[in-house]
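Visitor: for reference, the sequence and a predicted model appear below.
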Amino acid sequence: MVTAELAGQFEAPIYGILAIGDAIDAHDWGDLPRPRVRLNGQPDDETTATILWDGEWEITWVTFRDMGAAFGVALLGIYVLVVAQFRDFRLPLVILTPIPLTLIGIVIGHMLFGAPFTATSMIGFIALAGIIVRNSILLVDFIGPPGRLSGPCGTCCLRPAPSGSNPSCSPPWRP
């Protein structure tokens, strides 16, 4: 068994895993068998060389898995609560629609700035999703029940903006 530690330019383990994978693919192994790569768990066959990612990667794997599962349960809970509040099954889908768009924006932002996508980024994404759901609920609540706008569409969409942004810009102790 040979062990090693990942250090240097890689801030998150996934980037080192991808770089090592590229190096393994680019290497000419000749008559030697190409080593297998496992991201978690023990090797099934110890007769061939296996690269096992463990340590910090195992922590990252478990963290992302658990946060992803908790985020899915939270989305389901939000859906159920919004269905109960508005008594409509389609309206929560409209309210939750911006969440995938935020993930696209976050990924593009990380790529533009060369920032690694870490567990902190995932926590920020989940927090941003909560803020977006809140704003979407406020917007839908101000517009009114589906199908019954209380004025022109543009007016109904712009009316909640000042009052919706006011609480988020004010300190929490304001009466």
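Guide: Thanks, I have it.

Visitor: what number of residues lie near the closest residue in space to Ile126 that isn't next to it in sequence?
Guide: Excluding its sequence neighbours, the residue lying closest to Ile126 (CB to CB, 6 or more residues apart in numbering) is Phe71, at 5.5 Å. (C-beta placed from N, C-alpha, C; glycine too.) Neighbourhood size, Phe71 [other CB atoms under 10 Å]: 15.

Visitor: so Phe71 sits right up against Gly130, yeah?
Guide: No - Phe71 is beyond contact range of Gly130, at 10.0 Å (criterion: CB atoms under 8 Å).

Visitor: check contacts around Phe64.
Guide: Applying CB atoms under 8 Å, 6 or more residues apart in numbering to Phe64 gives the contacts 119, 122.

Visitor: using the three-state scheme, assign it.
Guide: helix (DSSP: H, G, I helix; E, B strand; the rest coil).

Visitor: tell me the pLDDT of it.
Guide: Looking at Phe64, its pLDDT is 84.

Visitor: just His110 next, same as before
Guide: pLDDT for His110: 90.

Visitor: just the element for it, please.
Guide: Assigned by DSSP states H and E, His110 belongs to helix 98-113.

Visitor: can you pull out the helices in the protein?
Guide: Per DSSP state H, the chain carries helices over the ranges 13-26, 56-86, 91-96, 98-113, 119-143, 153-158, 160-169.

Visitor: tell me the mean pLDDT over the third one?
Guide: The average pLDDT for helix 91-96 rounds to 88.

Visitor: who touches it?
Guide: So helix 91-96 is contacted by 75, 78-79, 82-83, 86, 133, 136-137, 140, 146 (CB under 8 Å, 6+ apart).

Visitor: what residues are up against Ile78?
Guide: Going by CB under 8 Å, 6+ apart, Ile78 touches 92, 96, 133.

Visitor: any chance of those in a markdown table, plus neighbour count and distance to Trp53?
Guide: Conversion of the contacts of Ile78 to a markdown table gives the following (neighbours: other CB atoms under 10 Å; distance: CB to CB, whole Å):
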| residue | neighbour count | distance to Trp53 |
| --- | --- | --- |
| Pro92 | 23 | 38 |
| Leu96 | 17 | 34 |
| Val133 | 21 | 35 |
